[in-house]
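1. just coords:
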C-alpha cells in the first residue's frame, strides 16, 4: 500500500449519483496513492473541479439525473481540454459509451466493476497524463539549439542527422541534403543557414527543376541590359543577391548540364558571369543543395562528377517518416496542438487515430501527415474535437490497414513509445547526464538504467 505522501501528482474526480459506489471507488484509488474527490451530481462535479485545478482524470457515470454524463464531460473538457475523462456505464449502454469516446472520452469502464481492471486502467491513464506533461515540459526546455527548434523528433536516426547538421552549420562547407519529398529538406537548409555565421544575411531558394531551361542561367547568375529580348535593365541574379548569405538549390539533380559547368565555376572561383557580360562578378555565398533522388543516381546520371564533389562536402540523408515511426506520435500531437492554437479550439487525436497513423506508410512523409491532420480538423467546428480513425481513413492513400475499432478500444495505449521518447528528450535536455535526466523524469537512477536497457536507448 502506498502512503499518501508517496502518491501521484494528479488527482481524480469520481462522479456518480450512487454515494456508496463513489465511496468504494475513492477507497480503492486512495489506497493506490491518488488524491480522490467524489461528486454526486454534475453541478457538484463542476464545483469540485473548479476548486481543484490539480484534477487530471475524471470517472463520470453515463446516466445521472438532471445532467447526464456526456453533457458533463463536454463542459469539463471545455473548461480543461487536457482533462482525461472515462465514462462509467452498464453493459446495456456500451454503444453510447463508444459514442462518448468519439466525442472525446479517453475510455470507458462497465458496471458492475471488475475493480482490478479499474485499478489497472486508471494506473495506465494516469501514467499517460504524467508522461504527456513531462514531454510538454521537456519540449519547452529544448533551447540548446534554437535554430533547429522547429524539428520535432525523438528518433535516433533523425537525431543523428540533426547533430551533423548542427556541426555543419558551424562551418562554411557546401551541404547536400538527400531525402524523399516531404521530409523537410528546405526546412533543414534554413536551420543550417540560421545557425551559421551567415544567419543574418539572405537565404534565397531556387527550384532547379521548376525553372525553364532558357531562364536558369539568367536567374542564377543575372544578366546585363540588352543581353536578350526583354532585358531592359541589369539584373543581379540569385548568387549576387544572396551576397554573404546562402543559396539553396533544390532539386539539384534537375539542373541542365550546361548550367552545371557555370555553377562549378561559382564554387571554385567564387565569381559569376552574368548573361551578356564579359566581366566576372565576385560573390560570397554558401551553397546548400537538395534532391529527392538517391545518391547513386545523382552521382552517375544527374550531376557532373566534379560538381558533385564540390556540392557534397557534407552529405545529410533525411530518413523517411515510415522508418522513424516514433516521430509519428510526437509530430501528430505537435500538429494537433498547433491547429488548436490556430483555430482557438481543442483538437486531439484518439488512440484509434494514433494507431492508424502508426500503421500507415506515409509516402508523402511529414508533409502528408501534417496535411492529413489539418484536413480532418478543417472540416469540423467541434470544440473539443477528437479526431478518430474514421475521420482519417478517407484522407489516407493506399496502405491503410483494415479497421478494427472495437479491438483498438480495448488495447492499452502504447506506453512504451511514450516512455521511450520522454527518456530520449530528457537525455537531450540534460546533455547526456543520466543523473540529471533521472531527476527531470522524477525517477531514480536505477529505474532510468533499467528503462535504458529495456528500450535500448
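-> On my side now, so go ahead. Since the structure is predicted, the reported quantities are computational estimates derived from the model, not experimental observations.

2. following the longest helix anywhere in the chain, which helix or strand comes up?
-> Longest helix in the chain, counting residues (DSSP state H): helix 115-140. Using DSSP states H and E, the helix or strand that follows helix 115-140 in sequence is helix 156-169.

3. next SSE after that next one?
-> Next element after helix 156-169 (DSSP H and E): strand 175-178.

4. average pLDDT for that next one?
-> Taken as a whole, strand 175-178 has an average pLDDT of 97.

5. does the residue nearest the centre of the chain sit in a helix or strand, and which one?
-> By Cα atoms, centre = their mean, the chain has its centre lying nearest to residue 331, at 1.6 Å. Following DSSP H and E, the helix or strand that holds residue 331 is helix 326-343.

6. Run through the chain and note the low-pLDDT ranges.
-> Regions of the chain meeting the criterion pLDDT under 70 cover residues 1-9, 91-94, 134-147, 149, 398-399, 401-419, 422, 425-426, 429-430, 439-443.

7. All the strands of it, residue numbers only.
-> 11-15, 35-39, 55-61, 84-90, 107-111, 175-178, 203-207, 246-250, 271-272, 281-282, 286-291, 314-317, 347-349, 385-387 (DSSP state E).

8. Partner strands of the fifth one, with direction?
-> Right, strand 107-111. If you go by DSSP bridges, strand 107-111 pairs up with strand 84-90 (parallel).

9. what about the partner strand, distance to the chain center?
-> In terms of Cα atoms, centre = their mean, to the nearest Å, the centre of strand 84-90 is set 29 Å apart from its chain centre.

10. contact partners of that strand?
-> The contact list for strand 84-90 (Cβ atoms under 8 Å, 6 or more residues apart in numbering) reads 16, 56-63, 69-70, 73, 76-77, 96-97, 100-101, 104-111, 121-122, 125, 128-129. Yep, even glycine has a C-beta here, placed from its N, CA and C like the rest.

11. cool, and stretch 185-196?
-> Counting by Cβ under 8 Å, 6+ apart, 145, 147-148, 150-151, 161, 165-166, 168-170, 172, 175, 177-179, 199, 203, 205, 245-246, 248, 250, 286, 288, 290, 292, 316, 318 sit against stretch 185-196.

12. Of those, keep whichever come out buried.
-> Neighbour-count burial (16 or more other Cβ atoms under 10 Å) is assigned, among the contacts of stretch 185-196, to 145, 147-148, 151, 161, 165-166, 168-169, 175, 177-179, 199, 203, 205, 245-246, 248, 250, 286, 288, 290, 292, 316, 318.

13. still on that earlier bit, how close does the residue nearest to the centre of the chain get to residue 130?
-> 21 Å (Cβ to Cβ, to the nearest Å).

14. I'd guessed residue 319 sits against residue 155; true?
-> Yes: using Cβ atoms under 8 Å, residue 319 is in contact with residue 155, at 7.4 Å.

15. joint contacts of these two?
-> With the criterion set as Cβ under 8 Å, 6+ apart, the contacts of residue 319 and residue 155 do not overlap.

16. domains in this structure, as residue ranges please.
-> Here the domain assignment for the chain is 4-140, 174-318, 325-400, 416-455, based on automatic domain parsing.
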